[in-house]
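1. Any chance you could fold what I've pasted below:
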Amino acid sequence: MAIFRAISRRSVNLPPDSLITLINCAYSGELQVGSALKDFPAEFAKWLDTDHVFGTSSGRTAFLLALKALELEKGAEIIFPAFTFPVIPMVAKMVGYEPVFCDVDPETFNAGPEHIEPKITQKTGAVLATHLFGQPCPIREVAALAHERKIRLLEDCAHACGVRVNGQQVGTFGDIGVFSFAEGKNMPCFGGGAIATSDQEIAQRAEQILKEASLPKKGPIFRLAFDIWLKWLFTRPLVFGMTVYPMLRFKQILRQPLMDSVMGDDLLQSFMSSNPKVIHLNNLQAAIGLKQIKRIDAFNQGARKNAEILTKGLTDVVGVKVPSSTEKNHIYVYYPLKVAPDKRDDLRHYLLRHRIDSKTTDMADCRTLKTFSSISQEDVSQDSPAAASTLEICVYPVFSKNEMGKITRVIRAWAEL
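-> The predicted structure follows:
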């Protein structure tokens, strides 16, 4: 059956008994509320070694909760890495703050103090440190800068759940850590998100905000969870190879779009019309989260080993640049290859013909988006990462070492054409 397997662009990492958990919660009437809602935040806080964790319905609403709980002055500036998921600065803009974009390291995609400090003004209220693609930014140095300049520090850990720097979990260096448990992340919980903090005042405000927040409804909880479970099923290598992969090849032959998600300005327009608000984590998500805490470290280690195979096999390939890692604890939630923008789609199509799906990135240089044109008037550096040159490969441990070797061989063959 190996010949029918194919490598998907994403692999949903759910516990093996996630469908049973979904059915049990639905049957017992505990989709919305139940004991897991109390147990998961406590266990997640213990795992992170922080004082407080508060769960929400998604990573986006977790960031919204973080901003509300931080309680900055209206109109305050928040510094964001320019190359990021554009919805995040849009959340800040929608609640009355002013996003300011700084450069990032073109090799690691992350911003350090040398990028952030030139953007600090008297209006700066906070900085968001983002750990992109699973690699920690130089968080200790960023935290030292924030402390010295007396500005708040948030951490975007959507790509970095389980990353440790000198033994300390990311998300615990600043005032608030923000986590996402969406299906495309390394610790999905049928959706969901969370913030972590050891600041008592922030914790009190977050608790009060959640007291006034609405509960998710049972129907949407079940439909979302079942949809994500189906994505888990259809991203298993054998199932994917016999179902979704033939559809992608057919679209490729017809020169149709390859099931890509909405990105950039179109994504932001859709998000702005969605009227985002803080919604509670539901009990089903919390129940899955309790299972995920026990397995996430082993999962991250498996992804790291697979990534090492690609890095070792592709480092000397002309025209392909592997991720640059300055930290040992890169967990490769996504493995971003960089190629020339005019070559990226050619590589993507070549991979697909060899049963390897890949993904264009959801990240963007926000300074190039029309939605933020009134904010950013500066020229974009030639060294800035470009979404058009980035191709993401899945290295999750659901794929074997042999399959990682195949990816290496196929990319090397493409480079030699």
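2. any low-confidence regions in the stretch 301-417 of the chain?
-> 325-327, 375-384 (pLDDT under 70).
3. again, but for the chain
-> Those would be 1, 325-327, 375-384, if you go by pLDDT under 70 across the chain.
4. All the strands of it, in order from the start?
-> 52-56, 77-81, 83-84, 98-102, 124-130, 152-156, 164-165, 168-169, 176-180, 193-197, 335-338, 359-360, 364-365, 390-393 (DSSP state E).
5. Relative to Leu281, which of those strands is closest?
-> Proximity to Leu281, assessed across these by CB to CB, is greatest for strand 52-56 (2.9 Å). Quick note: C-beta positions are derived from backbone N, CA and C, even for glycine.
6. how far is that closest one from where the chain is centred?
-> On the basis of CA atoms, centre = their mean, to the nearest Å, strand 52-56 sits 18 Å off its chain's mean C-alpha point.
7. And for stretch 12-19?
-> Centroid separation for stretch 12-19 versus its chain: 18 Å, with CA atoms, centre = their mean.
8. Buried residues in it, which are they?
-> Using 16 or more other CB atoms under 10 Å as the test for burial, stretch 12-19 gives Val12, Asn13, Leu14, Pro15, Ser18, Leu19.
9. How about residues contacting it?
-> The contact list for stretch 12-19 (CB atoms under 8 Å, 6 or more residues apart in numbering) reads 21, 183-184, 186-188, 190, 228-229, 231-232, 235, 288, 291-292, 295, 299, 396, 398.
10. out of these, which are buried?
-> Buried members of the contacts of stretch 12-19, counted by 16+ other CB under 10 Å: 21, 183-184, 186-188, 190, 228-229, 231-232, 235, 288, 291-292, 299, 396, 398.
11. Now, those residues that are in helices?
-> Thr21, Ile228, Trp229, Lys231, Trp232, Ile288, Lys291, Gln292, Phe299 (DSSP state H).
12. any idea which of these is closest to Ala203?
-> Closest approach to Ala203 among those (CB to CB): Gln292, at 23.0 Å.
13. ok, that closest one - contacts?
-> Neighbours of Gln292 in contact, by CB under 8 Å, 6+ apart: Pro15, Phe181, Met187, Pro188, Cys189.
14. can you name the two of these that are farthest apart?
-> Largest pairwise distance in the contacts of Gln292, by CB to CB, is 12.4 Å, between Pro15 and Phe181.
15. and the buried residues of stretch 12-19 as a markdown table, adding distance to Pro336?
-> Formatted as a markdown table, these follow (distance: CB to CB, whole Å):
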| residue | distance to Pro336 |
| --- | --- |
| Val12 | 19 |
| Asn13 | 18 |
| Leu14 | 24 |
| Pro15 | 27 |
| Ser18 | 28 |
| Leu19 | 31 |
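16. what's the farthest-apart pair in those?
-> Asn13 and Leu19 (14.4 Å).
17. Show me the one of the strands of the chain that comes nearest Lys251.
-> That would be strand 359-360 among those, by CB to CB, at 14.4 Å.
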